[in-house]
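Engineer: Task: produce atomic coordinates for the following.
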Amino acid sequence: MKKLIIPIVFLLVLTGCAVGPKYSRPETVESKTPTGYTFALTDADSITNLKWWDVYQDTALQSLIQYALDSNLNLLTAVARVEEAQAILGYNKANLGPAFGVAAGARATDFRQQASEAGVGFNTNSYSVLGNVSWEIDIWGKLRHANRAAYAELLATEENRKSIYISLVAQLAELYFNLRGLDERYKITQRTYETRLEYLRIINLRFEKGEVSELDKLQAEQIAADSKAQLYSLERGIIFVENAINILSGRPYSPIRRGLQNDQQQLPLEIPSGLPSELLTRRPDIQQAEQLLIAQTERIGVAVAMRFPSLSLTGFLGVASPDISKLFVPGAGLASVTGQLAAPLFQFGQNKRRVEAERARAKQYAFQYEQTVIEAFAEVENSLAEIRTYTNEYDARKQQVAATEKSLMLSKALYDNGYTSFLQVLDAERELYYSEFEKSLALENQLISSVRLYKALGGGW
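Structural biologist: Okay, the predicted model is just below:
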């Protein structure tokens, strides 16, 4: 035991001699993190502290999201990737310790007299049971760097799963609000079409009595046909959106159950965005980019360690005997330990170039990390601006609808009393349809911009 103490202590000291860089967050990322959002709506804590089912309170939408989370194929693929990364991490951890094995052998031979006299005879029987061990001593941290790289890749894979999760929730919410907006615009168009058919009926009666010109009749036919064509266009859009929702849910086409209308939704219009510094730790895509950079930094350490000597130990312990009945007697034991030190000597710069290649890849990951952070801040600012502008636009559209409704009423009264042409009625009617259509779009975009801000802030998981 005394003979083993010094070598063991020596090996433990050597295993602390890890080479290669240590990760630190790039200074450029910290320097480009703003102290606040330019278009922030409120200084309250970020809404990302709420779960998605607390934000989207429409029960029909909640059911759609939950079904998709359970069956979306992209999300299930991401979960499988996490499981794969966990297995790879376990594989790399196993490399840090020794490997044990066992082997048993038996041989029986029969050399007759002439063969033995030929000088090729040897013991006819042999039996052995051997346990073997092999262990690469991680002197320079090659295996530890590989293990930490695998762990960082596991975290990156998990963050990728979260990103897909958030994107799926946001996509379902956007499509749902789009679908409800299309439903609303379909009803507006249906109502407009019925009104225009009534116009056409009255104009036809007046035309038959000679009270109006054929031009009035043709104009009435034109606007009725236009609204009818718009109905088919909206129907097509509804089917497309329903199909998109079904695809995200991993199922063939089926009608989508509706819940609240867009003007009944309870989404907060002034979403608190929190501090920009929170975004670096909250958004999964930023975390994924950083973990990939950490993993690549560890791979530099692996490449550096490969330039230094490697020390490995191999050995076996067991029993052997020419007679199986004497296999486990005291004299049958045998053991051996071998240490091997191997070092690269001259490889025409191959090891140096390997390190340079890994450093270059680390630069690429660092630039991608920085780009991800910049794009994340831009998405938040864009979403904040969208909420503010769509809210103002929606208010203006409501005023426009009220004004056009009154304008249409006055135009009808003037036409019925012969003070204006049917063209003025048509213009007023078109303006009302247009303003109601745009009001519906503004409300839909307002809700969708709230979804995008929630997603941009990293909320939903």
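Engineer: following the helix or strand harbouring T195, which helix or strand comes up?
Structural biologist: Element membership for T195, per DSSP states H and E: helix 142-208. For helix 142-208, the following helix or strand on the C-terminal side (DSSP H and E) is helix 214-248.
Engineer: Okay, buried residues for that following helix please.
Structural biologist: Residues 216-217, 219-220, 223-224, 227, 230, 234, 237-238, 241-242, 244-248 are the ones in helix 214-248 that count as buried (16 or more other CB atoms under 10 Å). The C-beta positions use only the backbone N, C-alpha and C, and glycine is treated the same way.
Engineer: quick one: contacts for L89?
Structural biologist: Shown in contact with L89 (CB atoms under 8 Å, 6 or more residues apart in numbering): N147, A150, Y151, E153, L154.
Engineer: Mind putting the residues you listed into JSON lines with distance to T109 and pLDDT?
Structural biologist: Shown next, in JSON lines, are these (distance: CB to CB, whole Å; pLDDT from 0 to 100):
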{"residue": "N147", "distance to T109": "47", "pLDDT": "91"}
{"residue": "A150", "distance to T109": "48", "pLDDT": "92"}
{"residue": "Y151", "distance to T109": "52", "pLDDT": "92"}
{"residue": "E153", "distance to T109": "53", "pLDDT": "93"}
{"residue": "L154", "distance to T109": "53", "pLDDT": "94"}
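Engineer: any idea which of those is the one closest to T38?
Structural biologist: Proximity of the contacts of L89 to T38 (CB to CB) peaks at E153, which lies at 35.4 Å.
Engineer: Now the closest one. Nearest residue, chain neighbours left out?
Structural biologist: Using CB to CB, 6 or more residues apart in numbering and skipping residues adjacent in sequence, the residue nearest E153 is A295, 4.8 Å away.
Engineer: How many neighbouring residues does that neighbour have?
Structural biologist: 23 (other CB atoms under 10 Å).
Engineer: Just the helices from this structure, written as ranges.
Structural biologist: 2-14, 27-31, 52-55, 59-71, 73-94, 113-115, 142-208, 214-248, 276-282, 284-305, 350-416, 422-456 (DSSP state H).
Engineer: so which of these comes closest to V319?
Structural biologist: Nearest to V319, of those and by CB to CB, is helix 2-14 at 22.7 Å.
Engineer: Tell me which residues touch the residue nearest to E235 when sequence neighbours are not counted, please.
Structural biologist: Nearest residue to E235, sequence neighbours excluded (CB to CB, 6+ apart): Y186, at 7.0 Å. Residues counted as contacts of Y186 (CB under 8 Å, 6+ apart) are L231, L234, E235, I238.
Engineer: L155 too?
Structural biologist: Q287, Q291.
Engineer: Let me see the confidence value for it.
Structural biologist: Confidence at L155, expressed as pLDDT, is 93.
Engineer: One more: F100?
Structural biologist: Looking at F100, its pLDDT reads 86.
Engineer: again, but for L327
Structural biologist: pLDDT for L327: 77.
Engineer: Excluding covalently adjacent residues, which one is nearest to it?
Structural biologist: S321 is the one closest to L327 (CB to CB, 6+ apart), at 4.6 Å.
Engineer: if we can go back for a sec, going by distance to T33, which of the contacts of Y186 wins?
Structural biologist: I238 (42.7 Å).
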